[in-house]
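Q: Just a sequence and a predicted model for now, questions to come.
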Amino acid sequence: MLTHTTIPEEKVKGNPKQNLIKFLTKNMVTIMFLALVLAGYLIAGMNPFLFLFDIVARMSRNSFLVLSLIIPVVAGMGLNFSIVLGAMAAQALLIFVTHWGITGLPGILLCIILVTPLSLFLGYLTGKLFNKAKGQEMIAGLILAFFAQGIYELIFLQLVGGIIPMNNTTLIMSQGIGVRTTVDLTDGLKYGLDWPGVTWGMPNLLRPTLPWTVIVGVIALLVGYLVYLLFFKGKRASAPKLISSAVVGGLLVYWSVNQIQTGSMINMVRIPLLTWFVILALCLFIVFFSKTKLGQDMRSVGQDRHVAAVAGIQVDRVRVIAIMMSMVMASWGHIIFLQNMGAFSTYGSHEQIGLYSVAALLIGGATVTKATIGQALLGVFLFHALFIVSPSAGRQLFGDAQVGEYFRVFVAYGVIGATLALHAWKTLLQRKDKLGV
Amino acid sequence: MIKDFAGKFLANFGLARVIILAFFIFLCIMAVVFQLDIAELLTSSLVRIGMWGVLVLAMLPAIKSGIGPNFGVSLGILCGLVGALTALEMAYRLGDSVQFGGGTLFIIAILISLPFAILTGIAYGWLLNRVKGSEMMIATYVGFSMVSIMKIAWLFLPYTSPEMAWPIGRGVRVQISLAGRGITRLLNNFLSFNIGEVIVPTGLLLFFAFMCFLVWLFMRSKTGVAMHAAGDNPRFSEAAGINVNRSRMIGTTLSTILGAIGILVYAQSYGFVQLYEGPMFMPFVAVAAVLIGGASVRKATITHVIVGTALFLGIQVVAIPVANAFTTEWASMGEISRKIIQNGVILYALTQAGGE
């Protein structure tokens, strides 16, 4: 067909109007949610301080999990619904470490050390399964999560306390068998990573207020850029970019200083620094990894399995590794998530985060074949913003907060369904185009 | 030679099914060993089979037309629920002037749900024609989204009958009792008789058999044969002049209609209409049942439907009392074994389908 002889898409530069339309259609989902969040925010009449307080907590707890979905997307395996298994592994370890009575940051570290081999093993099995169901990884992942739920319940509802001994009246149900439906992490692993100072009696250590974080962050970026220029002889950024970032940085610092001086409520919002360092480290790792040989292999496998196989890449092995990496990250991410929540539903938390993390990634503009760090973080922000505003918006509009709660669940399912359908349709059209039908 | 035969049998029947069959036989033996009330187990097995039969049958046209097991049969279920609620509301609004019997009400519910099911089925089939190759995943999420949007709808739909609406607040109840309308166990009790202590729900089983017969008849019609061909080999059928997309749409619509009727049969036997989260995970039970019966994501017959329903629902009925008789501490064992078997067999079928 004619379309194949034309110049690649990105080289065609249309007029500004066409570009705008293209931009709008490409980012339709994200723009729609931005509008939805904004409308919800205005209707709900939210207290901006409470909103900020909530969104900071929610973003710090969920970002790592959503980032864990990126690598399988790059490897062409779609949205990894099997992160639920990683989350189960994380919960299993949290239960045992709570039982052993190890608290605070050491407890979290122990969880992370112990959960890694377990989730690697689960990831290996999942990867093998996905290789047997190529092209149907997502539905296989979803059903695998349900299947694993059965096994998980078998272990924690029927075996723990009986065949697997655990003498703990706060964790085990009154009849002596099975873990209670909610596990409370208060006075244990709660805030182990967010407030590590608590262990040493200094709750605000590593937990600066928002204005101070902004000031220090801007200064750190400035110093970092200067060091980069001086020691690495890197390329200088273009003048407009430099000026605009300087203006934004200046404004942010001015705002922060102003907030500190007026002693506003914003000073109550504290940033869990260690958690954000971990998230930042994961972002850097993903960027670094995409430049390694394995990362490049993964990208080629994602683009076309058959071409990659011809080029000598062990496709099946690369796919298994992608799932193993994602599974480990998911288990760590779920530990971060739950230490912030402070309590979890033993038989439900993992399924919930699977759904919500995938939905968040898609709301940020990711698709089945493309996901970036920026999309993940933007998605977490928009999804949780919607989560915060929708019950109050529902109450304002319909006099019933229940409506808002049902609505946000619908949004999670709906955005996954719609994105998948759009993607499948596009693929079908492309295939037809190739065949010349 | 025996080894050869065993190998062939395993290959045809599938390892997963052998394990499930063995588990079922094991459960039956345990039931005898623990001296459970076999008559009661048989009675409730028969009821369960009749209850779920039509819902499992809904998988057949979907698989035959090539869209694979209908993970979105919850759409049909929702249409059936709308039909049931509207029929009940009608009976309430008309009040004493027209006294509907249970049978009439049941037929009215089916008739009301049919147009909804047909329209939904056509729209759903249109969507599935645009997403060839990923039908299962998209069907699942379309089902989930529709169930969750209907959760909002249940709050706003104008059903006012006191048996449905909450006395205070908004919306209809989570579970609506059918008692007092003469529908409860309407089919179950029709011509029902006893063999020893086993009660046979004749009407229920007859209705299931009748629906099977209708589907069987349809599959032998010109449209049915074309649909089967389209599902079997789309490219060849297209060349032979069959409209594949239209066939798939008919299959989807038929599956949705059967889903709507299926939930009405289920509800009358259960005695309650379950709303909100109720229909969310029902499709997975139906999918697993037909797969256990020997179907694959590409092939299914009415025998698969009947065998699968009997086997899967039989396990569910027997597993709980056996687990309880074994030790009272294992109260959740029945539900857990259902989850493992149900999703294990779907996973197995997915790996057998063999990629793109």
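A: Arrived safely, thanks for sending.
Q: you'd agree residue B:194 is in a helix?
A: No. Using DSSP: H, G, I helix; E, B strand; the rest coil, the assignment for residue B:194 is strand, not a helix.
Q: Residue B:180: neighbour count?
A: The number of residues packed near residue B:180 is 8, by other C-beta atoms under 10 Å in any protein chain shown. C-beta coordinates here come from the backbone N, C-alpha and C atoms, glycine included.
Q: Please identify the nearest residue in space to it, excluding sequence neighbours.
A: Excluding its sequence neighbours, the residue lying closest to residue B:180 (C-beta to C-beta, 6 or more residues apart in numbering or on different chains) is residue B:163, at 7.1 Å.
Q: residues from the stretch 251-356 of chain B in reach of chain A?
A: Residues of the stretch 251-356 of chain B lying near chain A by C-beta under 8 Å from any C-beta of the partner chain: B:284, B:329-330, B:332-333, B:335-340, B:342-344, B:346-347, B:350-351, B:353, B:355-356.
Q: of those, buried ones?
A: B:284, B:329-330, B:332-333, B:335-340, B:342-344, B:346-347, B:350-351, B:353 (16 or more other C-beta atoms under 10 Å in any protein chain shown).
Q: For the helix or strand that contains residue A:277, which helices and strands make contact with it?
A: Using DSSP states H and E, residue A:277 sits within helix A:273-291. Judged by 3 or more C-beta pairs under 8 Å, 6 or more residues apart in numbering or on different chains; DSSP states H and E, helix A:273-291 is in contact with helix A:48-67, helix A:70-74, helix A:293-303, helix A:315-341, helix A:373-398.
Q: Distance-wise, check the residue nearest the centre of chain B relative to chain A.
A: With distances taken as C-alpha atoms, centre = their mean, the residue of chain B nearest its centroid is residue B:55 (2.0 Å). To chain A, residue B:55 is 18 Å away according to C-beta to the nearest C-beta, to the nearest Å.
Q: Nearest to residue A:216, out of the helices and strands packed on helix A:273-291?
A: For residue A:216, the closest of the helices and strands packed on helix A:273-291 is helix A:48-67, at 15.8 Å, according to C-beta to C-beta.
Q: Contact partners for residue A:245?
A: Residues in contact with residue A:245 (C-beta atoms under 8 Å, 6 or more residues apart in numbering or on different chains) are residue A:237.
Q: Can you point out the buried residues in the helix or strand that contains it?
A: In the assignment (DSSP H and E), residue A:245 maps to helix A:239-262. Neighbour counts over helix A:239-262 (16+ other C-beta under 10 Å) mark A:249, A:253, A:256, A:259, A:260 as buried.
Q: Which elements pack onto the helix or strand hosting residue B:103?
A: Residue B:103 belongs to helix B:102-129 when assigned by DSSP H and E. Here helix B:102-129 touches helix B:74-94, helix B:135-156, helix B:186-189, helix B:244-270, going by 3+ C-beta pairs under 8 Å, 6+ apart.
Q: how far does that helix sit from the chain's center?
A: How far helix B:102-129 lies from its chain's middle: 15 Å, per C-alpha atoms, centre = their mean, to the nearest Å.
Q: Check stretch B:333-352 too.
A: Its chain's C-alpha centre and that of stretch B:333-352 lie 16 Å apart, by C-alpha atoms, centre = their mean.
Q: what do you get for stretch B:311-327?
A: Worked out by C-alpha atoms, centre = their mean, stretch B:311-327 lies 20 Å from the chain centre.
Q: What of stretch A:397-407?
A: Computed by C-alpha atoms, centre = their mean, the chain-centroid distance of stretch A:397-407 equals 26 Å.
Q: List the buried residues of that stretch.
A: Buried residues in stretch A:397-407 (16+ other C-beta under 10 Å): A:398, A:400, A:402, A:403, A:404, A:405, A:406, A:407.
Q: Report the inter-axis angle for whatever helix or strand residue A:43 lives in versus helix A:48-67.
A: Using DSSP H and E, residue A:43 sits within helix A:28-44. Going by axes from the mean of the first three to the mean of the last three C-alpha atoms, to 10 degrees, helix A:28-44 is angled at 150 degrees with respect to helix A:48-67.
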